[in-house]
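Chemist: got a sequence here, can you build the structure:
(2 chains)
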Amino acid sequence: MARTNDEANVDLETTLKHLRLARRQLKNIDEDELDALPVEEQREWARSLQRLSVAITKLETADLQNLSDEFVAQEPQLRATATQLDDDLGQLADAVAMIHVASTALDTVTSIVTLLA
Amino acid sequence: MRVRQLHDKGQIEGFLWHNPELHIYSLGDLDDFFWPYTTWYGRQEDGELTDIVLVYAGQTAPTVVGLSERPPGVGELLKEMCPLLPERFHAHLSPGVEAVFERTHRIKPHGPHHRMALRDRSRVGQIDGSAAARLGRRDLGELLRLYGESYPGNWFDARMLDTGQYFGLRVENRLVSVAGVHVYSESYRIAAIGNVVTHPGYRNKGYGKLVMARLCQSLLEKVEHIGLNVKTDNAAAITCYRKLGFDTVASYAEFTIEKQG
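Modeler: Below you'll find the model as predicted:
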(Lines give C-alpha, C1' and ligand atoms only; values in the text may rest on other atoms or scores of the structure.)
Protein backbone atom coordinates (compact mmCIF):
# COMPACT_ATOMS: atom_id res chain seq x y z
CA MET A 1 0.00 0.00 0.00
CA ALA A 2 1.59 3.30 -1.08
CA ARG A 3 2.24 5.54 1.87
CA THR A 4 1.61 8.85 0.15
CA ASN A 5 -0.91 11.63 0.45
CA ASP A 6 -0.78 13.67 -2.74
CA GLU A 7 -3.24 16.23 -1.46
CA ALA A 8 -0.97 17.10 1.47
CA ASN A 9 2.14 16.56 -0.68
CA VAL A 10 3.36 13.96 1.80
CA ASP A 11 5.54 11.06 0.64
CA LEU A 12 6.20 8.62 3.45
CA GLU A 13 7.15 5.88 0.97
CA THR A 14 10.49 7.49 0.15
CA THR A 15 11.22 8.15 3.81
CA LEU A 16 10.37 4.55 4.69
CA LYS A 17 12.56 3.21 1.91
CA HIS A 18 15.60 5.13 3.18
CA LEU A 19 14.94 4.38 6.84
CA ARG A 20 14.66 0.66 6.08
CA LEU A 21 17.91 0.76 4.12
CA ALA A 22 19.58 2.70 6.93
CA ARG A 23 18.37 0.12 9.42
CA ARG A 24 19.72 -2.70 7.30
CA GLN A 25 23.14 -1.03 7.10
CA LEU A 26 23.24 -0.45 10.84
CA LYS A 27 22.02 -3.98 11.57
CA ASN A 28 24.67 -5.44 9.29
CA ILE A 29 27.63 -4.01 11.17
CA ASP A 30 29.86 -6.99 11.82
CA GLU A 31 29.04 -8.59 15.18
CA ASP A 32 32.71 -9.08 16.10
CA GLU A 33 33.35 -5.41 15.42
CA LEU A 34 30.36 -4.46 17.56
CA ASP A 35 31.39 -6.74 20.41
CA ALA A 36 34.81 -5.07 20.47
CA LEU A 37 33.34 -1.56 20.89
CA PRO A 38 33.02 0.21 24.26
CA VAL A 39 29.68 -0.44 25.92
CA GLU A 40 28.56 3.17 25.29
CA GLU A 41 28.91 2.67 21.53
CA GLN A 42 27.14 -0.70 21.69
CA ARG A 43 24.31 0.95 23.64
CA GLU A 44 24.01 3.73 21.06
CA TRP A 45 23.95 1.15 18.26
CA ALA A 46 21.12 -0.76 19.96
CA ARG A 47 19.26 2.46 20.75
CA SER A 48 19.55 3.65 17.16
CA LEU A 49 18.19 0.38 15.81
CA GLN A 50 15.27 0.55 18.21
CA ARG A 51 14.56 4.20 17.38
CA LEU A 52 14.68 3.36 13.66
CA SER A 53 12.23 0.50 14.10
CA VAL A 54 9.83 2.57 16.15
CA ALA A 55 9.97 5.39 13.56
CA ILE A 56 9.36 2.90 10.74
CA THR A 57 6.44 1.33 12.60
CA LYS A 58 4.87 4.74 13.22
CA LEU A 59 5.26 5.70 9.56
CA GLU A 60 3.93 2.33 8.37
CA THR A 61 0.82 2.63 10.51
CA ALA A 62 0.16 6.38 10.33
CA ASP A 63 -3.34 7.44 9.32
CA LEU A 64 -2.53 9.35 6.14
CA GLN A 65 -5.90 11.05 6.04
CA ASN A 66 -5.47 12.56 9.49
CA LEU A 67 -1.93 13.95 9.58
CA SER A 68 -1.35 16.96 11.83
CA ASP A 69 -0.43 20.27 10.16
CA GLU A 70 2.77 20.28 12.19
CA PHE A 71 3.81 16.91 10.81
CA VAL A 72 2.94 17.88 7.24
CA ALA A 73 5.05 21.03 7.60
CA GLN A 74 8.09 19.07 8.80
CA GLU A 75 7.70 16.01 6.53
CA PRO A 76 10.09 17.35 3.82
CA GLN A 77 12.80 17.67 6.47
CA LEU A 78 12.07 14.12 7.64
CA ARG A 79 12.40 12.81 4.08
CA ALA A 80 15.65 14.73 3.53
CA THR A 81 17.12 13.50 6.82
CA ALA A 82 16.22 9.88 6.04
CA THR A 83 17.71 10.12 2.54
CA GLN A 84 20.90 11.72 3.87
CA LEU A 85 21.21 9.13 6.64
CA ASP A 86 20.96 6.27 4.15
CA ASP A 87 23.55 7.93 1.87
CA ASP A 88 25.93 8.71 4.74
CA LEU A 89 25.81 5.18 6.13
CA GLY A 90 26.51 3.82 2.65
CA GLN A 91 29.71 5.82 2.48
CA LEU A 92 31.04 4.93 5.93
CA ALA A 93 32.91 1.78 6.83
CA ASP A 94 33.84 2.60 10.41
CA ALA A 95 31.28 1.30 12.91
CA VAL A 96 31.73 4.14 15.40
CA ALA A 97 31.27 6.78 12.69
CA MET A 98 28.15 4.99 11.47
CA ILE A 99 26.70 4.87 14.97
CA HIS A 100 27.33 8.58 15.54
CA VAL A 101 25.85 9.63 12.20
CA ALA A 102 22.75 7.53 12.88
CA SER A 103 22.35 8.85 16.39
CA THR A 104 22.39 12.49 15.25
CA ALA A 105 19.99 11.92 12.35
CA LEU A 106 17.63 9.93 14.52
CA ASP A 107 17.21 12.83 16.93
CA THR A 108 15.59 14.70 14.04
CA VAL A 109 13.67 11.69 12.73
CA THR A 110 12.29 10.82 16.16
CA SER A 111 11.22 14.39 16.95
CA ILE A 112 9.29 14.66 13.68
CA VAL A 113 7.77 11.18 13.77
CA THR A 114 6.54 11.86 17.30
CA LEU A 115 4.22 14.45 15.74
CA LEU A 116 2.27 11.53 14.23
CA ALA A 117 1.30 10.42 17.76
CA MET B 1 31.06 -8.46 28.80
CA ARG B 2 30.38 -11.95 27.61
CA VAL B 3 27.28 -10.71 25.82
CA ARG B 4 27.38 -11.12 22.07
CA GLN B 5 25.28 -9.38 19.45
CA LEU B 6 23.80 -12.15 17.35
CA HIS B 7 23.33 -11.53 13.64
CA ASP B 8 23.32 -15.09 12.36
CA LYS B 9 19.72 -16.22 11.85
CA GLY B 10 20.84 -19.83 11.50
CA GLN B 11 22.61 -19.79 14.85
CA ILE B 12 19.61 -18.19 16.59
CA GLU B 13 17.18 -20.55 14.90
CA GLY B 14 19.24 -23.59 15.88
CA PHE B 15 19.05 -22.52 19.51
CA LEU B 16 15.33 -21.69 19.50
CA TRP B 17 14.25 -24.93 17.84
CA HIS B 18 15.38 -26.85 20.94
CA ASN B 19 12.08 -25.73 22.46
CA PRO B 20 9.78 -24.35 19.74
CA GLU B 21 6.74 -24.07 22.00
CA LEU B 22 8.57 -21.88 24.52
CA HIS B 23 10.19 -19.80 21.77
CA ILE B 24 7.27 -19.67 19.36
CA TYR B 25 7.14 -15.85 19.20
CA SER B 26 10.90 -15.54 18.83
CA LEU B 27 11.00 -18.14 16.06
CA GLY B 28 8.31 -16.23 14.21
CA ASP B 29 10.32 -13.05 14.64
CA LEU B 30 13.07 -14.61 12.49
CA ASP B 31 10.73 -14.25 9.52
CA ASP B 32 11.80 -11.59 7.00
CA PHE B 33 8.75 -9.52 7.93
CA PHE B 34 9.74 -9.22 11.62
CA TRP B 35 13.53 -9.72 11.47
CA PRO B 36 14.42 -6.07 10.74
CA TYR B 37 12.64 -5.04 13.96
CA THR B 38 14.73 -7.36 16.12
CA THR B 39 18.03 -7.23 17.95
CA TRP B 40 19.35 -10.40 19.52
CA TYR B 41 21.87 -10.96 22.28
CA GLY B 42 23.40 -14.18 23.48
CA ARG B 43 25.77 -15.68 25.99
CA GLN B 44 28.11 -18.46 25.08
CA GLU B 45 29.98 -21.09 27.04
CA ASP B 46 32.72 -23.08 25.34
CA GLY B 47 31.58 -21.65 22.01
CA GLU B 48 28.03 -22.89 22.54
CA LEU B 49 25.09 -20.51 22.79
CA THR B 50 23.51 -20.99 26.22
CA ASP B 51 20.99 -18.13 26.48
CA ILE B 52 19.24 -15.68 24.17
CA VAL B 53 17.43 -12.38 24.71
CA LEU B 54 15.38 -10.71 21.99
CA VAL B 55 14.58 -7.00 21.80
CA TYR B 56 11.62 -6.50 19.46
CA ALA B 57 10.90 -2.94 18.36
CA GLY B 58 7.97 -3.47 16.02
CA GLN B 59 5.57 -1.73 18.36
CA THR B 60 5.85 1.82 19.62
CA ALA B 61 7.45 0.53 22.84
CA PRO B 62 10.15 -2.15 22.58
CA THR B 63 9.56 -5.61 24.06
CA VAL B 64 12.35 -7.59 25.69
CA VAL B 65 11.86 -11.36 25.61
CA GLY B 66 13.87 -13.35 28.13
CA LEU B 67 12.34 -16.81 28.32
CA SER B 68 14.32 -19.89 29.17
CA GLU B 69 14.10 -23.38 30.60
CA ARG B 70 16.89 -22.26 32.93
CA PRO B 71 15.87 -18.77 34.11
CA PRO B 72 19.08 -18.04 36.08
CA GLY B 73 21.05 -18.16 32.81
CA VAL B 74 18.84 -15.67 31.03
CA GLY B 75 18.87 -13.53 34.20
CA GLU B 76 22.67 -13.43 34.06
CA LEU B 77 22.54 -12.46 30.40
CA LEU B 78 20.06 -9.64 31.10
CA LYS B 79 22.22 -8.40 33.97
CA GLU B 80 25.26 -8.24 31.72
CA MET B 81 23.41 -6.60 28.85
CA CYS B 82 21.57 -4.09 31.03
CA PRO B 83 23.45 -1.10 29.53
CA LEU B 84 22.26 -2.15 26.07
CA LEU B 85 18.57 -2.23 26.95
CA PRO B 86 16.13 0.57 26.13
CA GLU B 87 15.39 3.02 28.96
CA ARG B 88 11.79 1.80 29.07
CA PHE B 89 10.47 -1.45 27.74
CA HIS B 90 7.80 -4.08 27.98
CA ALA B 91 9.18 -7.45 29.09
CA HIS B 92 8.23 -11.11 28.92
CA LEU B 93 10.41 -12.89 31.48
CA SER B 94 10.70 -16.38 32.89
CA PRO B 95 9.74 -16.60 36.59
CA GLY B 96 12.08 -14.69 38.90
CA VAL B 97 14.19 -13.13 36.15
CA GLU B 98 12.78 -9.67 36.88
CA ALA B 99 14.85 -9.64 40.08
CA VAL B 100 17.90 -8.55 38.05
CA PHE B 101 16.22 -5.15 37.55
CA GLU B 102 15.11 -4.58 41.14
CA ARG B 103 17.91 -2.21 42.16
CA THR B 104 18.21 -0.24 38.97
CA HIS B 105 14.75 -0.07 37.41
CA ARG B 106 11.12 0.59 38.24
CA ILE B 107 9.17 -2.59 37.61
CA LYS B 108 5.45 -2.50 36.94
CA PRO B 109 4.05 -6.04 36.86
CA HIS B 110 1.27 -7.01 34.46
CA GLY B 111 0.76 -10.41 36.01
CA PRO B 112 1.71 -14.03 35.49
CA HIS B 113 0.89 -15.60 32.13
CA HIS B 114 0.77 -19.06 30.61
CA ARG B 115 2.32 -19.88 27.28
CA MET B 116 -0.01 -22.43 25.68
CA ALA B 117 0.53 -24.52 22.56
CA LEU B 118 -1.85 -26.51 20.39
CA ARG B 119 -1.03 -30.15 21.05
CA ASP B 120 -4.25 -32.00 20.27
CA ARG B 121 -5.04 -30.90 16.73
CA SER B 122 -8.00 -33.20 16.35
CA ARG B 123 -10.23 -31.03 18.53
CA VAL B 124 -10.29 -27.89 16.39
CA GLY B 125 -11.30 -30.01 13.41
CA GLN B 126 -14.39 -31.19 15.26
CA ILE B 127 -15.78 -27.67 15.67
CA ASP B 128 -17.83 -26.05 12.91
CA GLY B 129 -16.24 -22.62 12.48
CA SER B 130 -17.82 -21.88 9.13
CA ALA B 131 -19.87 -18.98 10.51
CA ALA B 132 -16.63 -17.02 11.06
CA ALA B 133 -15.43 -14.87 8.16
CA ARG B 134 -11.88 -14.11 7.15
CA LEU B 135 -11.15 -10.43 7.86
CA GLY B 136 -8.99 -8.00 5.91
CA ARG B 137 -8.10 -4.32 5.62
CA ARG B 138 -11.67 -3.49 4.56
CA ASP B 139 -12.80 -4.58 8.06
CA LEU B 140 -10.29 -2.37 9.88
CA GLY B 141 -12.85 0.20 11.05
CA GLU B 142 -15.12 -2.47 12.55
CA LEU B 143 -12.16 -4.20 14.18
CA LEU B 144 -10.86 -1.02 15.77
CA ARG B 145 -14.33 -0.28 17.11
CA LEU B 146 -14.63 -3.76 18.66
CA TYR B 147 -11.15 -3.54 20.22
CA GLY B 148 -11.87 -0.03 21.50
CA GLU B 149 -15.09 -1.20 23.18
CA SER B 150 -13.99 -4.60 24.39
CA TYR B 151 -10.20 -4.79 24.62
CA PRO B 152 -8.52 -1.46 25.23
CA GLY B 153 -4.78 -1.89 25.66
CA ASN B 154 -4.65 -4.63 23.04
CA TRP B 155 -1.59 -5.37 20.88
CA PHE B 156 -3.42 -5.15 17.55
CA ASP B 157 -1.18 -4.33 14.60
CA ALA B 158 -3.17 -3.61 11.41
CA ARG B 159 -0.27 -4.92 9.30
CA MET B 160 -1.08 -8.43 10.52
CA LEU B 161 -4.42 -8.29 8.69
CA ASP B 162 -2.41 -8.75 5.52
CA THR B 163 -1.55 -12.31 6.62
CA GLY B 164 -5.19 -13.28 6.01
CA GLN B 165 -5.19 -14.92 9.43
CA TYR B 166 -7.83 -12.83 11.20
CA PHE B 167 -11.33 -14.25 11.61
CA GLY B 168 -14.46 -12.66 12.97
CA LEU B 169 -18.06 -13.51 13.73
CA ARG B 170 -20.89 -11.12 12.95
CA VAL B 171 -24.25 -11.24 14.71
CA GLU B 172 -26.96 -9.11 13.13
CA ASN B 173 -24.30 -7.48 10.95
CA ARG B 174 -22.21 -6.48 13.94
CA LEU B 175 -18.69 -7.80 14.46
CA VAL B 176 -18.80 -9.30 17.96
CA SER B 177 -15.95 -11.80 18.19
CA VAL B 178 -12.46 -11.85 16.69
CA ALA B 179 -9.28 -13.94 16.74
CA GLY B 180 -6.04 -13.14 14.92
CA VAL B 181 -2.29 -13.49 14.99
CA HIS B 182 0.52 -11.57 16.68
CA VAL B 183 3.20 -13.49 14.84
CA TYR B 184 2.84 -15.50 11.66
CA SER B 185 5.50 -17.12 9.55
CA GLU B 186 4.93 -19.61 6.79
CA SER B 187 8.70 -19.86 6.35
CA TYR B 188 9.20 -21.02 9.93
CA ARG B 189 5.76 -22.70 10.06
CA ILE B 190 4.93 -20.82 13.26
CA ALA B 191 1.94 -18.78 14.43
CA ALA B 192 1.17 -17.01 17.69
CA ILE B 193 -2.48 -16.24 18.21
CA GLY B 194 -3.46 -12.89 19.68
CA ASN B 195 -6.02 -10.14 20.04
CA VAL B 196 -8.78 -12.64 20.76
CA VAL B 197 -11.85 -10.84 22.02
CA THR B 198 -15.62 -11.14 22.23
CA HIS B 199 -17.80 -8.11 22.90
CA PRO B 200 -18.94 -8.20 26.59
CA GLY B 201 -22.60 -8.30 25.53
CA TYR B 202 -22.04 -11.49 23.52
CA ARG B 203 -19.92 -13.62 25.87
CA ASN B 204 -20.70 -17.15 27.15
CA LYS B 205 -22.28 -18.11 23.84
CA GLY B 206 -19.33 -20.06 22.42
CA TYR B 207 -18.44 -17.33 19.90
CA GLY B 208 -14.80 -17.11 21.04
CA LYS B 209 -14.36 -20.85 20.68
CA LEU B 210 -15.91 -20.73 17.23
CA VAL B 211 -13.61 -17.99 15.85
CA MET B 212 -10.59 -19.59 17.51
CA ALA B 213 -11.43 -22.94 15.93
CA ARG B 214 -11.82 -21.34 12.50
CA LEU B 215 -8.51 -19.51 12.90
CA CYS B 216 -6.68 -22.68 14.00
CA GLN B 217 -8.17 -24.65 11.10
CA SER B 218 -6.84 -22.01 8.70
CA LEU B 219 -3.44 -21.81 10.41
CA LEU B 220 -2.94 -25.57 10.38
CA GLU B 221 -3.03 -25.48 6.58
CA LYS B 222 0.14 -23.38 6.69
CA VAL B 223 2.03 -23.87 9.96
CA GLU B 224 3.28 -26.61 12.25
CA HIS B 225 3.30 -24.87 15.65
CA ILE B 226 0.54 -22.67 17.11
CA GLY B 227 0.91 -20.92 20.45
CA LEU B 228 -0.61 -18.13 22.51
CA ASN B 229 -0.20 -16.20 25.75
CA VAL B 230 -2.94 -15.89 28.34
CA LYS B 231 -3.12 -14.33 31.80
CA THR B 232 -3.26 -17.03 34.47
CA ASP B 233 -6.35 -15.42 36.03
CA ASN B 234 -8.33 -15.54 32.77
CA ALA B 235 -10.05 -18.81 33.64
CA ALA B 236 -12.71 -18.53 30.93
CA ALA B 237 -10.14 -18.15 28.16
CA ILE B 238 -7.94 -20.95 29.52
CA THR B 239 -10.93 -23.31 29.65
CA CYS B 240 -11.82 -22.40 26.07
CA TYR B 241 -8.24 -22.95 24.84
CA ARG B 242 -8.02 -26.32 26.61
CA LYS B 243 -11.23 -27.44 24.91
CA LEU B 244 -9.62 -26.54 21.60
CA GLY B 245 -6.59 -28.73 22.32
CA PHE B 246 -4.14 -26.22 23.82
CA ASP B 247 -1.91 -27.16 26.77
CA THR B 248 0.17 -24.97 29.07
CA VAL B 249 3.82 -25.35 28.10
CA ALA B 250 5.47 -22.63 30.23
CA SER B 251 4.81 -19.86 32.69
CA TYR B 252 6.23 -16.37 32.52
CA ALA B 253 5.32 -12.85 33.60
CA GLU B 254 4.90 -9.54 31.80
CA PHE B 255 6.21 -6.20 33.05
CA THR B 256 6.84 -2.63 32.08
CA ILE B 257 10.38 -1.85 33.17
CA GLU B 258 11.93 1.62 33.29
CA LYS B 259 15.41 2.69 34.27
CA GLN B 260 15.56 4.75 37.45
CA GLY B 261 17.07 8.23 37.57
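Chemist: contacts, neighbours, all on C-alpha from now
Modeler: Fine.
Chemist: wait, B:Lys259 sits on B:Glu87?
Modeler: Yes. Using C-alpha atoms under 8 Å, B:Lys259 makes contact with B:Glu87 at a distance of 5.3 Å.
Chemist: and the residue of the stretch 51-200 of chain B nearest chain A?
Modeler: B:Leu84 (4.4 Å; C-alpha to the nearest C-alpha).
Chemist: which stretches of chain A have low pLDDT?
Modeler: A:1-2, A:4, A:8, A:117 (pLDDT under 70).
Chemist: what segments of it are helices?
Modeler: A:12-27, A:31-35, A:39-61, A:69-91, A:95-113 (DSSP state H).
Chemist: near chain B, which residues of chain A?
Modeler: A:23-24, A:27-28, A:31, A:34-35, A:39-40, A:42-44, A:46-47, A:49-50, A:53-54, A:57-58, A:61 (C-alpha under 8 Å from any C-alpha of the partner chain).
Chemist: buried ones among those?
Modeler: With burial judged by 16 or more other C-alpha atoms under 10 Å in any protein chain shown, the buried subset of these is A:23, A:27, A:34-35, A:42-44, A:46-47, A:49-50, A:53-54, A:57-58.
Chemist: B:Val183 and B:Ala191 touch, don't they?
Modeler: Yes. Here B:Val183 reaches B:Ala191: they are 5.5 Å apart, a contact under C-alpha under 8 Å.
Chemist: which neighbours do those two have in common?
Modeler: B:Tyr25, B:Gly28 (C-alpha atoms under 8 Å, 6 or more residues apart in numbering or on different chains).
Chemist: between those two, which one's more packed in?
Modeler: Counted by other C-alpha atoms under 10 Å in any protein chain shown, B:Val183 and B:Ala191 do not tie: B:Ala191 has more neighbours, with 28 against 24.
Chemist: identify the residues contacting stretch B:36-48?
Modeler: In contact with stretch B:36-48 (C-alpha under 8 Å, 6+ apart) are residues A:23-24, A:27, A:46, A:49-50, A:53, B:2-7, B:29, B:49-58, B:77.
Chemist: separate out the buried members of those.
Modeler: When those are checked against 16+ other C-alpha under 10 Å, the ones flagged as buried are A:23, A:27, A:46, A:49-50, A:53, B:3-7, B:29, B:50-58, B:77.
Chemist: in helices only, show me those.
Modeler: Going by DSSP H, the helices hold A:Arg23, A:Lys27, A:Ala46, A:Leu49, A:Gln50, A:Ser53, B:Leu77 from these.
Chemist: would you agree B:Gln5 is in contact with A:Leu37?
Modeler: No. If you go by C-alpha under 8 Å, B:Gln5 and A:Leu37 don't touch, sitting 11.3 Å apart.
Chemist: if we can go back for a sec, of the ones in helices among the buried ones among the contacts of stretch B:36-48, which pair is most distant in space?
Modeler: Across these, the longest distance by C-alpha to C-alpha is 24.8 Å; it joins A:Arg23 and B:Leu77.
Chemist: quick check: phi and psi at the residue located most distally from the centre of chain A.
Modeler: Ranked by distance from the centre of chain A (C-alpha atoms, centre = their mean), the top residue is A:Ala36, with 24.8 Å. Note on A:Ala36: backbone dihedrals following degrees, to the nearest 10 are phi -80, psi -10.
Chemist: closest to chain B out of the buried ones among the residues of chain A next to chain B?
Modeler: A:Arg43 (4.4 Å).
Chemist: residue contacts, the closest residue to the closest one other than its chain neighbours?
Modeler: Spatial nearest neighbour of A:Arg43, chain neighbours left out: B:Leu84 (4.4 Å); criterion: C-alpha to C-alpha, 6 or more residues apart in numbering or on different chains. Going by C-alpha under 8 Å, 6+ apart, B:Leu84 touches A:Val39, A:Gln42, A:Arg43, A:Glu44, A:Ala46, A:Arg47.
Chemist: next, format these as a markdown table and append distance to A:Thr108.
Modeler: Listed next are these as a markdown table, based on distance: C-alpha to C-alpha, whole Å:
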| residue | distance to A:Thr108 |
| --- | --- |
| A:Val39 | 24 |
| A:Gln42 | 21 |
| A:Arg43 | 19 |
| A:Glu44 | 16 |
| A:Ala46 | 17 |
| A:Arg47 | 14 |
